[in-house]
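>>> No sequence on hand, only this structure:
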DNA sequence: TCAAAAGTGTTGACTCTACACCCATGT
DNA sequence: ACATGGGTGTAGAGTCAACACTTTTGA
């Protein structure tokens, strides 16, 4: 039963107030000419899944990025079984030439530009990221190491596609205990200078932030 | 890269007010003598994952059981990559000789009796089932086709290991619109005969039932 | 008539949304 | 001074846990 296995990575970030994922050009068998595809690598007989995924992340994101999480396994498509992971990163440029950020919404509007069924994987990843933000401080992984509450809220608004009340958002996150003050304040803003915070992306938020209250 | 792949199934039920899973005896390479293991089968080059999982479920549960869901992929352990699925079934006897129901709590207390790292898979499955009950009517899949609200509540109490207020539970499930009355009432009970209901296990429950209020 | 379990009403505590308002800085 | 965005206070609405209470049957 010699089925090749790949570990594929959905590396997500927020830029331009949009959820984006990193894709590369791939040519060759199964990739139908030249299509965009998730970065991935084949799994060898002596490779642990988690280790392979971490190495792939380090390779693709240049050592940055955390919050690696297994998403789903699909296949065989084109004779290959694909094990997909999701990771969040704070808008870093790619370390590999040829890789480019793509807006998730654009991709899902025209999934045919993607190789294999990477469109479905990306759709599942986006949904996973959305629910992840409801229950944990994972949004902090999409921000620089020190960030303002407004920046964090903009990440939520980008990922969820909603507007959130700044006042209530601030209070909620503070009450959940995810915001650790750095003591510094951000510069270069108009108005009152906002405080800078750190946060552990794995901190649970309880009760969860509900996403169904648009304004 | 010839890594063999198995599709493994965590078939769960509630019996004796305990969450139980179906295990079989396995001998041979990688199974360390004779240990208990999840039912599974190898994936062939022409087998779709979802199809294979459905066939495995039909084989193991004798055509009953629904709500098949992919759980996680682990490995390679013992040179094999394992793709695990979860399914819920209403306390059916196994159709395969040698398979037996085991209480999850007992298994997790002594995972060494299990082959490979099936203990970890079962732990993940139990947690998945718990959160599934919070957000959907999946508990109905653990009940007969027509059931009383009390029976449904007992499923929750078994899976979560908590006591729930009968009055509030009834109201909550009714308000969520998951209970479709059959018009019949159960017999053989002491006290007022309870109404029988149907439910679609995939119905979302919104807002979710919270599990953190013990009594 | 009594026991038992189903199902309904009700109340106080809590949470959330919406929005008014104050704070601190650049221009 | 004033515009601008950060951050806090607060009132009304809604939700939930707890528990009293009514309903409906078997014994």
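Nice, thanks for sending it over. Bear in mind that the values here come from a model prediction, so they are computed numbers and not experimental data. Residues are numbered from 1 along each chain as shown, chains lettered A, B, ... in the order given.

>>> contacts and neighbour counts: CA atoms only from here.
Noted.

>>> And chain A, what are its domain boundaries?
Here the domain assignment for chain A is A:5-133, A:136-198, based on automatic domain parsing.

>>> Tell me which helix or strand in chain A has the weakest average pLDDT.
strand A:34-37 (a mean of 86; mean pLDDT, DSSP states H and E).

>>> In chain A, mark out all the strands, start to finish.
A:5-15, A:18-27, A:34-37, A:40-42, A:66-77, A:80-88, A:100-103, A:180-185, A:195-198 (DSSP state E).

>>> contacting residues around the last one?
By CA atoms under 8 Å, 6 or more residues apart in numbering or on different chains, the list of residues contacting strand A:195-198 from outside reads A:140, A:145-149, A:179-186.

>>> now the first one
Applying CA under 8 Å, 6+ apart, the external contacts of strand A:5-15 come out as A:19-22, A:38-43, A:49, A:52-53, A:56-57, A:80-91, A:122, A:125, A:142, A:155, A:158-159, B:1, B:3.

>>> ok now that strand, how far from the chain's centre?
Averaged C-alpha coordinates place strand A:5-15 at 7 Å from its chain's average position (CA atoms, centre = their mean, to the nearest Å).

>>> Would you mind checking which of the contacts of strand A:195-198 is nearest to DNA strand D?
If you rank the contacts of strand A:195-198 by distance to DNA strand D using CA to the nearest atom of the strand, residue A:149 comes first, at 5.1 Å.

>>> Go ahead and confirm that closest one touches residue A:168.
No: counting by CA atoms under 8 Å, residue A:168 is not a contact partner of residue A:149; they are 11.2 Å apart.

>>> So the two - more neighbours on which side?
residue A:149 (21 against 10; other CA atoms under 10 Å in any protein chain shown).

>>> Distance-wise, check the more buried one relative to residue A:200.
Distance, residue A:149 to residue A:200, using CA to CA, to the nearest Å: 14 Å.

>>> will you turn the contacts of strand A:195-198 into TSV that also has distance to DNA strand D and pLDDT?
Listed next are those as TSV, based on distance: CA to the nearest atom of the strand, whole Å; pLDDT from 0 to 100:
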residue	distance to DNA strand D	pLDDT
A:140	15	96
A:145	16	93
A:146	12	95
A:147	10	97
A:148	6	97
A:149	5	97
A:179	11	96
A:180	12	95
A:181	9	95
A:182	11	94
A:183	10	93
A:184	10	92
A:185	7	92
A:186	9	92
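
>>> which one of the residues you listed is nearest residue B:71?
Nearest to residue B:71 out of these is residue A:140 (CA to CA; 26.3 Å).

>>> So residue A:91 is in contact with residue A:145, correct?
No: with contact defined as CA under 8 Å, residue A:91 does not reach residue A:145; the gap is 11.7 Å.

>>> I'd like to know how many residues surround residue A:167.
9.

>>> quick one on the thing from earlier: and the strands of chain A: which comes nearest DNA strand C?
Closest to DNA strand C of the strands of chain A, according to CA to the nearest atom of the strand: strand A:180-185, at 8.1 Å.

>>> so what strands line up beside that closest one?
strand A:195-198 (antiparallel) (DSSP bridges).

>>> number of nearby residues for the closest residue in space to residue A:173 that isn't next to it in sequence?
The spatial neighbour of residue A:173 that comes closest, neighbours along the chain excluded (CA to CA, 6 or more residues apart in numbering or on different chains), is residue A:179 at 6.7 Å. Counted with other CA under 10 Å, the burial measure for residue A:179 works out to 21 neighbours.

>>> ditto for residue A:12
Residue A:12, neighbours per other CA under 10 Å, totals 26.

>>> cool, residue A:133 as well?
Per other CA under 10 Å, the neighbour tally for residue A:133 reads 23.

>>> Could you report the pLDDT at it?
Per-residue confidence for residue A:133 comes out at a pLDDT of 96.

>>> wait, it sits on residue A:139?
Yes: between residue A:133 and residue A:139 there is a contact under CA under 8 Å: 6.0 Å.

>>> Now for those two: what residues contact both?
residue A:156.

>>> Name the nearest residue to residue A:77, sequence neighbours excluded.
Going by CA to CA, 6+ apart, residue A:77 has residue A:116 as its nearest residue, at 6.5 Å.

>>> Apart from its neighbours in sequence, what residue is nearest residue A:170?
Using CA to CA, 6+ apart, the nearest residue to residue A:170 is residue A:149, at 6.4 Å.

>>> list the contacts for the one you found?
Taking CA under 8 Å, 6+ apart as the test, what residue A:149 contacts is A:170, A:194, A:195, A:196, A:197.

>>> what number of residues lie near the third one?
By the criterion of other CA under 10 Å, residue A:195 has 17 neighbours.

>>> between the contacts of strand A:195-198, which has the most around it?
Neighbour max across the contacts of strand A:195-198 (other CA under 10 Å) = residue A:140, 28 neighbours.

>>> these two touch, right, that residue and residue A:152?
Yes: Residue A:140 is within contact range of residue A:152, at 6.8 Å (criterion: CA under 8 Å).

>>> quick one on the thing from earlier: tell me the confidence at the residue nearest to residue A:77?
pLDDT, residue A:116: 78.

>>> ok and the residue in chain A nearest chain B?
residue A:2 (4.4 Å; CA to the nearest CA).

>>> I'd say that residue and residue B:3 touch.
Yes: in this structure, residue A:2 is within contact of residue B:3 by CA under 8 Å, at 6.4 Å.

>>> So which of these two has more stuff around it?
Shown here are residue A:2 and residue B:3; by other CA under 10 Å, residue B:3 has more neighbours (18 against 14).

>>> who's in contact with the more buried one?
If you count contacts by CA under 8 Å, 6+ apart, residue B:3 has them with A:1, A:2, A:3, A:4, A:5, A:44, A:45, B:79, B:80, B:81.

>>> Show me the two of these that sit farthest apart.
Pairwise distances across the contacts of residue B:3 (CA to CA) peak at 14.7 Å, for the pair A:1 and A:44.

>>> So those two - more neighbours on which side?
Remark: of residue A:1 and residue A:44, residue A:44 carries more neighbours, 16 against 12, as counted by other CA under 10 Å.

>>> Perfect, I'm done here.
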